[in-house]
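>>> here's my sequence, what's the structure:
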Amino acid sequence: MSDLRRAPRLSLLLELPAATVKFLDLIISSIYLMDNHSSAKTQYMDIWRQYPRASGTDPWFREVHLVAFSPGPCSRYVAFAGERGVLLLSADSGSLVATLSSQGILIKAFAWCFPDNLVCAYSNGNIADIRVTQDRLDVTVAMCTRQHIDCLAVDRNGKYLATAAGEVIKTWRRKANGSWAENVTLGSSLPMRAVDQTLPVIITSLSWYETPGQLLIVSYRFHGIHLWDVQSTSVLRTVVDPGGMLGTASISVDQKYLATVTEDGVDVIRIQDKTLGRRPVYADSGVDYPVIFLHGGRAVLTSTLDGNVRLATRDGTSLQTLRHRDMFVPSGDIVFATATDSNVLTGDQAESNRKYRICTVSHYCICMWETTDRSARNLVHANNTQKAPRPAFRSKGWKWILASWYISCLFALVAIVTMFCIKPDDHALIQ
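Just a heads-up that it's a prediction; the model follows:
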């Protein structure tokens, strides 16, 4: 009988590990909330997700590596491209709208020209115009460059196109009938060579600057970032000097700032005077991850090695960490493509009703994020006079002190429960 009376106390002791796990989970959740408490100003929430590699998922979702929102006052579509071809989804629901097979040819780059027109560059050198007609994709081969195209850029009016193949840049002009005509070819003569003369010339991104069709900002892996004059086929000035590896670059909507991925993180540079601002995001390692401006150039978005996406102001104030990785996404799955859209309007379509969307893409997950009206308005009209955050080892120190206090309370709780639930003869029974 005495053994039966002791059983509940022993079962309570055996249940302690489960309670411990729940308590630790509470600690982690608390730290997560503390890490995001400053993001109440711009709180993005995921509105739909797709899992490309889950069983039963449409195979079209697999191996996508490019993403872009359709332009216009209200973005209707979000387009993806990869090994199988082009995939068109509803931006609101994530439902599949249309597909276009690439016949096994990899799509290297693509961009929207108009709300119903995409331009795609294939690995075999073909460049194609894709039209969206009644939720159907129609393709016409616009030109054949016979070169392996690495990246492209379309100006904001959809009239000029720039492509990069190796170290050669070609520009194209759209004619009145909608076809493309070759305009100017830019050579490989750079005013400043890389520190190591044996390094190849690799172009990582192209961006039209100020006057469309005339100025082009070109980012190189080892040779810095330069502003080209298309008409004179010469470099006007160097925006970033060579001196290390660079990844992709993004230009703010107001054409005043440039964000580029370096080996140490993301650098934001004022283009006119090459002024280097505070680093909004410190990278873990490498340069092969995306960076993009959003919220009118006041914020910067980039991915992290833990599988999430980080949003920070241009001057370094942390806004929010978007938890792209969830229970269905394995460790090591990194977001390698992002797109932003600020054209989603509601109500009377006033500025105060503007919404913002972000789409993040990894091998195992495609996620669409959206702000509320209030959070978008607060960030759009916020000034950038906030102080930059302290270094990570100082700004987060108090959080880890609080976490240590939680853990100490946990051990104290275990000791108290052990004292009151187990009598001396219970120890003998356990042994």
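
>>> drop to CA atoms for contacts and neighbour counts, all remaining ones
Will do.

>>> run a quick neighbour tally on the closest residue to L276 other than its chain neighbours.
Using Cα to Cα, 6 or more residues apart in numbering and skipping residues adjacent in sequence, the residue nearest L276 is I269, 4.6 Å away. Residues within reach of I269, counting by other Cα atoms under 10 Å, total 22.

>>> go on, S408?
So S408, with other Cα under 10 Å, has 12 neighbours.

>>> distance of it relative to I416?
S408 sits 12 Å away from I416, going by Cα to Cα, to the nearest Å.

>>> got the phi and psi for A415?
phi -60, psi -40 (degrees, to the nearest 10).

>>> quick one: it and C409, what's the gap?
From A415 over to C409 the distance is 10 Å, taken as Cα to Cα.

>>> enumerate every residue touching D288.
G247, T248, F336 (Cα atoms under 8 Å, 6 or more residues apart in numbering).

>>> quick check, Y406 in a helix?
Yes: under DSSP: H, G, I helix; E, B strand; the rest coil, Y406 falls within a helix.

>>> tell me how many other residues surround it.
If we define neighbours as other Cα under 10 Å, then Y406 has 16 of them.

>>> also the one 10 residues further on?
Using other Cα under 10 Å, I416 has 11 other residues around it.

>>> same check on Q231?
Using other Cα under 10 Å, Q231 has 13 neighbouring residues.

>>> and the helix or strand where I47 lies, how far from the chain's centre?
Element membership of I47, judged by DSSP states H and E, is strand 45-50. Strand 45-50 has its C-alpha centroid displaced from the chain centroid by 15 Å (Cα atoms, centre = their mean, to the nearest Å).

>>> over to stretch 103-120?
Here the centre of stretch 103-120 is set off from its chain's centre by 19 Å, with Cα atoms, centre = their mean.

>>> contacts for it, please.
Counting by Cα under 8 Å, 6+ apart, 66, 68-72, 75, 81-85, 121-124, 127-133, 149-159 sit against stretch 103-120.

>>> tell me the confidence at P330?
P330 carries a pLDDT value of 86.

>>> show me the contacts for it.
By Cα under 8 Å, 6+ apart, the residues touching P330 are Y364.

>>> check the gap between it and D46 for me.
Between P330 and D46 the computed distance is 18 Å (Cα to Cα).

>>> equivalent analysis for M368, please.
6 Å.

>>> repeat for T262
Distance from T262 to D46, by Cα to Cα: 29 Å.

>>> which helix or strand contains N157?
Under DSSP H and E, no helix or strand contains N157.

>>> burial count for it?
9.

>>> not counting sequence-adjacent ones, nearest residue to it?
C113 (7.3 Å).

>>> doesn't A412 fall inside a helix?
Yes: counting by three-state DSSP, A412 is found in a helix.

>>> can you tell me the centre-most residue of this protein?
Nearest residue to the geometric centre of the chain (Cα atoms, centre = their mean): T338, 3.5 Å.

>>> list buried residues within the contacts of stretch 103-120.
The neighbour-count test (16 or more other Cα atoms under 10 Å) applied to the contacts of stretch 103-120 identifies 66, 68-71, 75, 81-85, 121-124, 127-132, 149-155, 158-159 as buried.

>>> narrow these to those in strands?
66, 68-69, 81-82, 85, 121-122, 127-132, 151-154 (DSSP state E).

>>> please name the bridge partners of the residue lying closest to I127 once chain neighbours are set aside.
Excluding the flanking residues, the one nearest I127 by Cα to Cα, 6+ apart is A121, at 4.5 Å. Beta bridges link A121 to A109, I127 when assigned by DSSP bridges.

>>> before we move on, what about S303?
In this structure, S303 bridges to V309 when assessed by DSSP bridges.

>>> can you get me a residue count around it?
25.

>>> give me every residue that touches it.
Per Cα under 8 Å, 6+ apart, neighbours of S303: Y289, P290, V291, V309, R310, I334, V335, F336.

>>> touching, the fourth one and R325? I think so.
No: using Cα atoms under 8 Å as the test, V309 is too far from R325 to be in contact (9.1 Å).

>>> got a list of contacts for stretch 211-220?
155-157, 160, 173, 201-209, 225-231, 246-249.

>>> go again using 7 Å as the cut-off
Here stretch 211-220 makes contact (Cα atoms under 7 Å, 6 or more residues apart in numbering) with 155, 160, 201-209, 225-231, 246, 248-249.

>>> outline the domain layout of this protein.
For the chain, the structural domains run 2-27+399-430, 43-389, going by automatic domain parsing.

>>> which stretch in those has the least confidence?
The minimum mean pLDDT among those belongs to domain 2-27+399-430 (a mean of 54).

>>> which residues in the stretch 301-431 of the chain form strands?
In the stretch 301-431 of the chain, the strands defined using DSSP state E, counting those that start in this stretch lie at 309-313, 318-322, 337-345, 354-361, 366-370.
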